[in-house]
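**Q** I would like to see how this sequence folds:
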Amino acid sequence: MKISVIFTALMFISVVAFSQIAPNTYVITFKDKENNKFSIENPQDFLTEKALHRRQIYNIPVIEQDLPVTSMYVDSLKNMGFKIKNVSKWFNVAIVYTKDKELVAKARALSFVIPNKVYVSYKTKSNTNTNNTIIIEDDKNDPKFILSNLQKVIKEDNTDNIGSFSKFIFNYGRSQNQVEMLNCNYLHYNNFQGQGITMAVLDAGFYHVNELPAFDSIIANKQIIGVKDFVDKDGEVYKNDTHGMMVLSTIAGNIPGQLIGTAPKAQFYLLRTEDANSEYLIEEYNWICGAEYADSLGVDMIHSSLGYSNFDDKVNSHTYKDMNGDVAPISIGADIAAAKGILVVTSAGNEGNDPWRYISAPADADSVLSVGAVDGDRMLSYFSSRGPSYDGRVKPDVLGKGSYSTVQGRNGKVTFSFGTSFSGPIIAGAVACLWQANPEFNNMEIIDAVRKSCDRYHSPDDDYGYGIPNLEKADKYLKKLKAERENR
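**A** Residues are numbered from 1 along each chain as shown. Got it, this is the predicted structure:
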């Protein structure tokens with residue numbers, strides 16, 4: 001659906017009953033946002049200047065959905081004895097925990113609560129140097145420094161063909177294939193490496209990102225501008241799972257000669273929303289709260305290599321029929337984020353060779369760019385989740401390298417890994433560079449350009465989607481479109 005109709009659809013969906021979300025954990029839905037200390041007439045009180053700027057340039061109104069949840073409602077639940085785990089303003093809910101069943105009945109009786117929206121679970125929680133290649137040492141990956149040295153080489157070789165050397169100047173090392181497959185090196189060569197783009201990465205943890213070599217540059221340059229834990233609320237995101245660390249390395253890594261990410265100069269918020277020790281519906285709500293937080297801070301993009309279909313509590317598991325973009329809470333949340341002007345990229349899933357087979361949520365959301373996987377020879381990875389969405393839309397949208405992807409390992413060495421968990425962020429970083437090069441366009445126009453640049457755009461299918469993007473082609477398409485608009 002188009003952004004212009006998202007708000008109407010969501011007003012209905014937001015009051016549909018959701019099931020239980022974790023052991024002894026409840027979703028309590030509020031009837032309204034009355035008695036709120038905030039108002040949409042003064043959005044600067046709850047949205048940052050950057051968030052308001054995004055809405056202004058893309059003509060996105062601030063609506064009641066943007067208002068924080070009424071604090072007195074949350075305080076009332078807290079005073080009753082509930083532990084508040086998270087609060088979602090987009091869904092107007094509180095996620096709470098208690099072992100006291102009597103509190104559930106009391107909550108249903110509250111005047112500001114929708115009675116049938118309180119749920120409980122009783123289940124206990126389980127568990128190369130080649131010919132004609134030049135190597136220029138440059139720890140900072142500075143294009144001006146590289147170009148000055150490159151020009152010396154060109155002069156000595158009596159050639160003016162800078163383009164013939166362009167793919168070597170960043171010394172991608174083992175990550176060369178995953179960058180050049182998308183022609184993202186074209187953008188890098190033209191000094192678009194994500195500068196000025198802020199991306200929130202939502203994942204299970206970012207183990208030792210503050211110490212591992214791939215992230216030396218983003219730490220030194222203060223490109224990580226915030227972290228937050230929506231699972232344990234302790235802020236210790238650097239002590240948790242390695243998955244988010246490896247994901248981030250494909251975007252932000254910078255070890256010349258070994259690993260260069262697709263957007264090594266972007267800025268990042270690292271948000272932990274996934275509990276790697278279990279799989280419950282609450283993680284979709286954590287994701288929604290993370291997306292709301294990112295929106296309030298004014299991020300340009302969200303990437304997550306997370307997907308949900310089957311849960312430990314089987315009663316909440318999704319079916320393929322649910323993969324229509326309008327059932328899974330996380331998919332609804334992803335579309336709301338897109339409606340706020342955020343460009344959302346998500347991995348399609350790794351179920352292609354499993355009984356589930358299809359994309360998982362939120363890859364089914366209609367306003368996100370969902371990414372499947374290919375190998376270094378551009379052949380479909382066997383595990384890449386298939387489309388279409390249940391309502392027949394092309395999914396996955398695009399493909400990136402997800403077999404033998406070059407990533408930072410937990411032991412400090414660069415290694416290989418597999419999954420749409422890596423093709424997704426490789427694409428996300430490339431798209432960040434494209435948007436940096438074409439800031440006049442909104443999130444959906446950038447996604448449209450990426451799709452149109454793909455090698456199967458005119459003949460998409462359920463395995464490859466629209467295919468593999470060509471970022472040079474997408475950039476030239478947008479430049480032409482800009483010129484056409486200016487000449488009208």
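**Q** What is the burial count for L52?
**A** 15 (other C-beta atoms under 10 Å). (Glycine included, C-beta is placed from N, CA and C.)
**Q** nope, T415 is what I was after
**A** Number of residues near T415 (other C-beta under 10 Å) recorded here: 16.
**Q** Next: V327.
**A** Around V327 there are 18 other residues, counting by other C-beta under 10 Å.
**Q** dump the residue contacts of it.
**A** H318 (C-beta atoms under 8 Å, 6 or more residues apart in numbering).
**Q** Spatially central residue in this protein, please.
**A** Geometric centre of the chain, nearest residue: H303, 1.3 Å, by C-alpha atoms, centre = their mean.
**Q** That one belongs to a helix, doesn't it?
**A** No. Assessed with DSSP: H, G, I helix; E, B strand; the rest coil, H303 is strand; it does not lie in a helix.
**Q** tell me how far the ends of stretch 272-281 are from each other?
**A** Taking C-alpha to C-alpha, to the nearest Å, stretch 272-281 runs 15 Å from one end to the other.
**Q** Let me know the pLDDT of the residue nearest to the centre of the chain.
**A** On the pLDDT scale, H303 is placed at 98.
**Q** thought it was touching L343?
**A** No. Using C-beta atoms under 8 Å, H303 makes no contact with L343, being 9.1 Å away.
**Q** Can you give me the distance of the residue nearest to the centre of the chain to G429?
**A** 8 Å (C-beta to C-beta, to the nearest Å).
**Q** residues shared between the contacts of the two?
**A** Both H303 and G429 are contacted by I251, under the criterion C-beta under 8 Å, 6+ apart.
**Q** helix/strand/coil for the residue lying closest to N177 once chain neighbours are set aside?
**A** Closest residue to N177 apart from its sequence neighbours, by C-beta to C-beta, 6 or more residues apart in numbering: G376 at 4.9 Å. Using three-state DSSP, the structure places G376 in coil.
**Q** and G376, what is it in contact with?
**A** With contact set as C-beta under 8 Å, 6+ apart, G376 has these partners: N177, Q178, M181, K401, S403, Y404.
**Q** Check P115 too.
**A** R108, A109.
**Q** buried ones in the strand or helix carrying V74?
**A** Element membership of V74 [criterion: DSSP states H and E] is helix 71-80. Residues of helix 71-80 classed as buried: Y73, V74, S76, L77 (neighbour count, 16 or more other C-beta atoms under 10 Å).
**Q** Closest one of those residues to A204?
**A** V74 (26.4 Å; C-beta to C-beta).
**Q** thinking that closest one is in contact with V87, fair?
**A** Yes. V74 is within contact range of V87, at 5.9 Å (criterion: C-beta under 8 Å).
**Q** what do the two both touch?
**A** A94.
**Q** so the closest residue to K233 other than its chain neighbours, which of the three states?
**A** With sequence-adjacent residues excluded and distances taken as C-beta to C-beta, 6+ apart, K233 is closest to K85, at 8.0 Å. Here K85 is strand, with the state taken from three-state DSSP.
**Q** burial measure for the nearest residue to the residue nearest to the centre of the chain once chain neighbours are set aside, as a count.
**A** Excluding the flanking residues, the one nearest H303 by C-beta to C-beta, 6+ apart is A428, at 3.9 Å. Using other C-beta under 10 Å, the number of residues around A428 comes to 31.
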